[in-house]
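> predicted model and sequence below, questions to follow.
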Amino acid sequence: MDLKQKILKRKAEIGIVGLGYVGLPLAMEFVESGFMVHGIDLNASRVECINQGISHVLDVKSEVLKKAVDSGRFKAYPTYSVVSDVDCVIICVPTPLRHTKDPDMSHIISATENIAKRIHKNMLIVLQSTTYPGTTDELLVPALKTDHLELGRDLFVAFSPERVDPGNPQYNTRNTPKIVGGVTPRCTEMAKTLYEQAIERVIPVSSTATAEMVKLLENTFRAVNIGLVNEIAIICEKLGISVWEVIQAAASKPFGFMPFYPGPGLGGHCIPIDPLYLSWKLKALNYNARFIEMASDVNTHMPEYCVQRIHRIMNTVKKCVNGSRILVLGVAYKPDITDVRESPALDIIRLLQLDGAVVDFADPYVPEVAIEGQSLKSVAATAESLKTYDLAVVVTHHSCFDYEMIQANSQLIFDTRNAYKTGAENVFKL
Ligand SMILES: NC(=O)c1ccc[n+]([C@@H]2O[C@H](COP(=O)([O-])OP(=O)(O)OC[C@H]3O[C@@H](n4cnc5c(N)ncnc54)[C@H](O)[C@@H]3O)[C@@H](O)[C@H]2O)c1
């Protein structure tokens, strides 16, 4: 049976490399669609929990994972040996930045090398990690190619960007349209066939680099628009205008305007990082991606701007930050999730500590964070505890916070998220 028939008959076995926010929900969709799925993750303790049906990803309920494991159609492994027996492999490993802000391709390289050792005829390999245009052609294809397997006939390689928005109640892996671009037209067709078994709409594009660029356009669009509105927030404050009122009124225009909202900075594994993959690639072509660099500059300085605002707010009551007690409300990078990667809250805590403040945080989703190697544990935001702080700063507007109670019991509040819609004397907004 050829690979396409195997996929259509649900006889193809699928390997998912990297069982994080992207890989685990994807694995569940393929199990749900009737496939045998093998997860591969180098984090052995994560693998052990997954095989016990304990999910570390908010979008995958432990009951769903347990059911998949118990059905015998899903198992996780801490090694790559199972790749020798699978028909399709989807790579979902991290693509962070190095300290120098250059792409860290080490996870993709290591995953590709491990797959290459186990490559066989009639195999489809799809890269799903976000990366710069050219990665699939320049890194994967040379590493995977062998003399005895012809690309597009015996071996199929494609790129398909991940667009999942963790915690989004409306759009999930299954109903978010999927882009695919293969190294050859047959590679595109094979990848499209695979995803169509688990995802409602699959859109083919002409090349792997196009598919890689689609993802970077989407996230650069967000980063640049957030950078713009963050700058507008700073401008509005200088002019004594509420940026929130301006955006609300502008959003009444039924065409040509899309509201974006300012905040304390960018967070998560995507928006702060992905555009820099693109600008890095362009540097090698002697081109300076100006919009990306400028948006990144504005966005990365937002925590510093917020701390300056806190200094000024404290001044209004003749207090200084040095020696004061400050409570950060919310450290996850967005509301109602547990992820703190790149969260601006961590920068705000660090900067306030540097200025001499005693800082605590309250986040029902995050029990503990590390700031400069020091562990900080979440405290409860109760009426009694709030009274003991000089200022509370809303960094992440989790829906479970009791904002009325917080306002009633806090001396001063700096609201970076428009959590307070009506004015109160002790609430200062970004
Ligand atoms: N999280 C999101 O919302 C999101 C959205 C769109 C795209 N992406 C992209 O998807 C990719 C994966 O992101 P994520 O959020 O799932 O990451 P993650 O950190 O949640 O999960 C990655 C997993 O890969 C494992 N891993 C690392 N190196 C490995 C290797 N060589 N072999 C096997 N396993 C390995 C890690 O142990 C981890 O469990 C990234 O490129 C990211 O930019 C993420």
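Good, I have the coordinates.

> list the contacts of the residue of the stretch 1-150 of the chain found nearest the ligand.
As assessed by C-beta to the nearest ligand atom, the ligand sits closest to G20 within the stretch 1-150 of the chain, at 1.8 Å. All C-beta spots, glycine's among them, are computed from the backbone N, C-alpha and C. Contact analysis of G20 by C-beta atoms under 8 Å, 6 or more residues apart in numbering lists 41, 57, 92, 94.

> thought the last one was touching S129?
Yes - in this structure, P94 is within contact of S129 by C-beta atoms under 8 Å, at 7.0 Å.

> neighbour count: these two, which is higher?
S129 (23 against 17; other C-beta atoms under 10 Å).

> any idea whether the residue of the chain positioned farthest from its centre is helix, strand or coil?
Most distant residue from the mean C-alpha position of the chain: K318, 40.0 Å away (C-alpha atoms, centre = their mean). The three-state label given to K318 by DSSP: H, G, I helix; E, B strand; the rest coil is coil.

> get me the contact residues on the chain for the ligand.
Residues of the chain lying close to the ligand (C-beta under 6 Å from any ligand atom) are 17-23, 40-43, 46, 92-95, 107, 110-111, 129-130, 162, 164, 166, 269-270.

> can you name the residue of the stretch 151-300 of the chain nearest the ligand?
Per C-beta to the nearest ligand atom, E162 is where the stretch 151-300 of the chain lies closest to the ligand, at 3.6 Å.

> in a helix, that residue, correct?
No - applying three-state DSSP, one finds E162 to be coil, outside a helix.

> now the residue farthest from the centre of the chain: how far from the ligand?
Distance from K318 to the ligand, counting by C-beta to the nearest ligand atom, to the nearest Å: 44 Å.

> what's the distance between that residue and P161?
Distance from K318 to P161, counting by C-beta to C-beta, to the nearest Å: 52 Å.

> which residue is nearest the middle of this protein?
Most central in the chain (C-alpha atoms, centre = their mean) works out to H269, at 3.6 Å.

> isn't that one up against E342?
Yes - in this structure, H269 is within contact of E342 by C-beta under 8 Å, at 6.9 Å.

> domain ranges for the chain?
Taking automatic domain parsing as the reference, the chain has its domains at 3-206, 207-260+267-300, 301-430.

> export the ones you listed as TSV, with columns for mean pLDDT.
Converted to TSV, those look like this (pLDDT from 0 to 100):
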stretch	mean pLDDT
domain 3-206	96
domain 207-260+267-300	96
domain 301-430	97
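
> name the residues of whichever helix in the chain runs longest that are buried.
Secondary structure of the chain per DSSP state H: the longest helix is helix 208-239. Under the neighbour-count criterion of 16 or more other C-beta atoms under 10 Å, helix 208-239 has 208-209, 211-216, 218-220, 222-224, 226-234, 236-237 buried.

> let me know the secondary structure of V180.
The three-state label given to V180 by three-state DSSP is strand.

> so what's it up against?
Applying C-beta under 8 Å, 6+ apart to V180 gives the contacts 126, 158-160, 188, 191-192, 195, 202-205, 211.

> right, and P262 touches N230 too?
Yes - look at P262 against N230 with C-beta under 8 Å: they come within range, at 4.8 Å.

> considering the contacts of G20, which possesses the most neighbours?
Counting neighbours by other C-beta under 10 Å, the top entry in the contacts of G20 is C92, with 26 neighbours.

> in contact with it, which residues?
Counting by C-beta under 8 Å, 6+ apart, C92 has contacts 16-20, 22-23, 26, 128-129, 162.

> closest one of those residues to I349?
G20 (24.6 Å; C-beta to C-beta).

> how about stretch 184-204: buried residues?
Neighbour counts over stretch 184-204 (16+ other C-beta under 10 Å) mark 184, 187-199, 202, 204 as buried.

> can I get stretch 305-323 in CSV, CA atoms only?
Listed next in CSV are the C-alpha coordinates belonging to stretch 305-323 (Å, rounded to 0.1, in the frame of the first residue of the first chain):
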residue,chain,number,x,y,z
TYR,A,305,8.2,52.2,30.9
CYS,A,306,5.7,50.5,33.3
VAL,A,307,8.3,50.7,36.1
GLN,A,308,8.9,54.4,35.4
ARG,A,309,5.1,54.9,35.6
ILE,A,310,5.1,53.1,39.0
HIS,A,311,7.8,55.5,40.3
ARG,A,312,5.6,58.5,39.2
ILE,A,313,2.4,57.0,40.7
MET,A,314,4.2,56.4,44.1
ASN,A,315,5.4,60.1,43.9
THR,A,316,1.8,61.3,43.8
VAL,A,317,1.4,60.0,47.4
LYS,A,318,5.0,61.2,48.4
LYS,A,319,6.3,57.6,48.5
CYS,A,320,9.3,56.1,46.7
VAL,A,321,9.7,52.6,45.2
ASN,A,322,12.8,51.9,47.2
GLY,A,323,11.7,50.0,50.3
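
> give me the distance from that stretch to the chain's centre.
32 Å (C-alpha atoms, centre = their mean, to the nearest Å).

> same deal with stretch 272-290?
So, by C-alpha atoms, centre = their mean, the centroid of stretch 272-290 is 19 Å from its chain's centroid.

> my guess is P161 meets G181, correct?
No - contact between P161 and G181 fails when scored by C-beta under 8 Å: they sit 9.0 Å apart.

> for stretch 70-90, what is the distance to the chain centroid?
25 Å.

> nope, stretch 173-186 is what I was after
Taking mean C-alpha positions (C-alpha atoms, centre = their mean), stretch 173-186 and its chain are 20 Å apart.

> ditto for stretch 159-174
10 Å.

> and it, what's buried?
So, applying 16+ other C-beta under 10 Å, buried residues of stretch 159-174: 159-164, 166-167, 172-174.

> ok, those residues vs D360, which is closest?
Taking the buried residues of stretch 159-174 together and measuring to D360 by C-beta to C-beta, the closest member is G167, at 24.6 Å.

> just give me the neighbour total for the nearest residue to that closest one once chain neighbours are set aside.
Nearest non-adjacent residue to G167, counting by C-beta to C-beta, 6 or more residues apart in numbering: I337, 4.5 Å away. Neighbour count of I337, defined by other C-beta under 10 Å: 19.

> sorry, back to before: mind listing the shared neighbours of P94 and S129?
Taking C-beta under 8 Å, 6+ apart as the criterion, P94 and S129 both touch 18, 107.
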